[in-house]
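In: Output the structure for:
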Amino acid sequence: MKLNFKNLFLLISGVFVNTTTANPQNTAPTETPSTTTPSSNTNTNTTIFTDCDNLKLILNEYSEKDIIFTDHTMDCCDDDKFICKNIDGTTYITEINLGYNYLNGNISKSFGNFTMLEKLDLRSNKLSGSIPEDLKRLTHLEHLDLSTNSLSGDFPFFIGDMTNLRIFDISNNEIGGTLPESIKKLTKLEVFSIRYNLIFGDITDFFSSTPNLNILDLSLNKLSGTIPKSIRELSNITEIHLNNNKLKGSLPNSFTSLNQLEILYLSFNDLKGSVPDMPKSLKLCSYKETNLCIKEDAVCGVGNTPICTFNYNNLFIIIGGAIAALILIIFIVKKRSSNKRTGKPKQKLSDQALLIDDSELGEFIELKDSDDYHRRYVEVDEDYVFDQKNFNKFVN
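Out: Next comes the predicted model:
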């Protein structure tokens, strides 16, 4: 059979099309768009970096085994360690509870990427290094617990940026430095614990800015100076732990107004003086290894704290001295009034010195030189002077 040119062209074209269709591996693959910047998932079809993706990166820093979460999803959420919440149609991790998990190394800077995080609990691990400044991006954080680790460095100066903090606990670490003024910005603070660290300097006076504070634990540090009088502003305080520091001075009377106070530990400081009247709510207290004393009817501390007996002795001395001074003043006033009524010259308890002529020395014995050319001073007895028979001997 003979094929004309037209039929031959169609036959070759058909073979070429079939060959291309049967070999799809020759076609370039299509890439799936994705982002590299951490963010939370949305309801669009675009693949993005979710909170669970960020969590997986963090956990892989602390674990030798890869953590398996489905990429670009929120399947890491549970009701225990990683609690999530839907906010405006988007799911975020709002709580991370990784306490007692043997985490070793530094605190990951990626923790600062959880934009809606409300609680971060990393207590009782083996974390070291300083607290990363990246955490200041957690502006919704209410609860931060980094206690019982091996953290060091200075106290986080950026804490004032975390204005929603209610609970702040960095106790049992090796953190040093001083307490920054930025603490005054934490107006919602309820628990502030820096127990057992290396923090020094004066107690930053932030009490006026934190009226909701319930528990204040500054114990076992190197704090010095005096206790701020503004402590009276802590109207909701139930526990105050200031023991084992280098605090000095006396206790402000403002302690009396803390009507919710139940626990007060001030032992092992250089405090001195009398403990002011404490509220009846106080149940536990300690003033050991201080120079503080209490009244006999104190609501707490009787039996293991010295009684301020010396205060009463001082009071008696002051009152006795005041009475003696008053009697002396009355005596002097009456004496002067009596002299004015009788017209007698002023009398002195000591002998008087009068002026006489040399020719009138008479019975006088002891003379003293005077600037006056013709006169000298002589010490005489006033009874002798005012005797009528001797009076004419003296020069007026």
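
In: Check which helices and strands the longest strand anywhere in the chain sits against.
Out: As assigned by DSSP state E, the longest strand anywhere in the chain is strand 90-97. For strand 90-97, the elements it packs on are helix 51-62, strand 82-87, strand 119-121, judged by 3 or more C-beta pairs under 8 Å, 6 or more residues apart in numbering; DSSP states H and E. The way it works is simple: take the backbone N, C-alpha and C, and place the C-beta from them, glycine included.

In: contacts for the first one?
Out: Counting by C-beta atoms under 8 Å, 6 or more residues apart in numbering, helix 51-62 makes contact with 38, 40-41, 66-67, 69, 71-77, 82, 84, 91-93, 96, 101, 103-105, 108, 110-111, 113-114, all of which sit outside it.

In: Just the buried ones from those?
Out: Burial by neighbour count, 16 or more other C-beta atoms under 10 Å: within the contacts of helix 51-62 this picks out 38, 40-41, 69, 72, 74, 76-77, 82, 84, 91-93, 96, 101, 103, 108, 111, 113-114.

In: picking up where we left off before, direction included, what does the helix or strand following the longest strand of the chain pair against?
Out: Where DSSP states H and E defines the elements, the next helix or strand beyond strand 90-97 is strand 104-106. The pairing partners recorded for strand 104-106 under DSSP bridges are strand 126-129 (parallel).

In: Which parts of the chain belong to which domain?
Out: 38-312, 344-396 (automatic domain parsing).

In: How far off centre is the first one?
Out: Translated: domain 38-312. 11 Å (C-alpha atoms, centre = their mean, to the nearest Å).

In: pLDDT of that domain, averaged?
Out: Across domain 38-312, the average pLDDT comes to 93.

In: tell me the pLDDT at Val333?
Out: 80.

In: Just give the closest residue to Ala185, not the sequence neighbours.
Out: Careful, residue 185 is Lys and not Ala. Using C-beta to C-beta, 6 or more residues apart in numbering and skipping residues adjacent in sequence, the residue nearest Lys185 is Gly160, 4.0 Å away.

In: What residues does Asp71 make contact with?
Out: Going by C-beta under 8 Å, 6+ apart, the list of residues near Asp71 reads Asp53.

In: Please identify which helix or strand holds it.
Out: Going by DSSP H and E, Asp71 is not part of any helix or strand.

In: distance of it from Ile87?
Out: 22 Å (C-beta to C-beta, to the nearest Å).

In: cool, Ile330 as well?
Out: On the measure of C-beta to C-beta, Ile330 and Ile87 end up 83 Å apart.

In: The two - which one has more neighbours?
Out: Neighbour comparison, Ile330 and Ile87: the larger count goes to Ile87, with 13 against 10 (by other C-beta atoms under 10 Å).

In: ok, the residue nearest to that one when sequence neighbours are not counted - how many residues close by?
Out: Of all residues not flanking Ile87 in the chain, Met116 sits nearest, at 6.1 Å (C-beta to C-beta, 6+ apart). Met116 has 18 neighbouring residues, counting by other C-beta under 10 Å.
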